[in-house]
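Undergrad: coords please:
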Amino acid sequence: MNIQLRVNGMSYELDLDPRVSLLDCLREHLGLTGTKKGCDQGACGACTVLADGQRINSCLAPAVQCEDMEITTIEAMAAHEVGSRVQDAFLAHDGFQCGYCTSGQICSTVAMLAEHRAGMPSAVSAEHGGPVALTDAEIRERMAGNLCRCGAYNGIVAAIREVARS
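TA: Have a look, this model is predicted:
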């Protein structure tokens, strides 16, 4: 099936089997290997990318369904205003150990901060529909879909807290 994908501001024309996930398309067809394959079941978040600014598990999204979306991967985060600050904060706060989950954590953080700024509540939000403080508990809940097998959560939360305050 012929499709056109926009990834990190560039257009790609691809001939793909309709069963190919966005993750496999990014890694195997476009050579963008920053997005990681963790569980391949949508449970770990290592494959998180942004689709029109929303975080998605790219292992669960068929590439053909992303044709009219702007896909942003970790490779574009250094040039992204919030993404570059998140990357710097992850480094400053040791928000990673082995680094395998880091690309998904960073992409998810960028989208999560946008969700918070837009007033979207989480399961632990004290007030639904109003401004919610980005407490450590709030950050942990909003990032619950991204697992770190090394246990770098304290550094991840500290990094997010720093960027949210700036």
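Undergrad: report the distance from stretch 87-100 to the chain centre.
TA: Centroid displacement of stretch 87-100 relative to its chain, using CA atoms, centre = their mean, to the nearest Å, is 14 Å.
Undergrad: buried residues, the longest helix along the chain. List them.
TA: Of all segments of type helix in the chain, defined using DSSP state H, the longest is helix 102-117. Neighbour-count burial for helix 102-117, with 16 or more other CB atoms under 10 Å as criterion, is recorded at 102-113, 115-116. Heads up, the C-betas are built off the backbone N, CA and C, glycines and all.
Undergrad: again, but for stretch 28-41
TA: Neighbour count says stretch 28-41 has Leu30, Leu32, Gly34, Thr35, Lys36, Lys37, Gly38 buried, by 16+ other CB under 10 Å.
Undergrad: do the same with stretch 64-80
TA: For stretch 64-80, by 16+ other CB under 10 Å, it's Val64, Cys66, Met69, Ile71, Thr72, Thr73, Ile74, Glu75, Ala76, Met77, His80.
Undergrad: what separation is there between the closest residue to the fifth one other than its chain neighbours and Val82?
TA: Think Thr72. Distances taken as CB to CB, 6 or more residues apart in numbering put Leu50 closest to Thr72, at 4.1 Å, once the chain neighbours are dropped. Remark: distance between Leu50 and Val82 (CB to CB, to the nearest Å) = 11 Å.
Undergrad: more crowded one of these two?
TA: Leu50 (24 against 17; other CB atoms under 10 Å).
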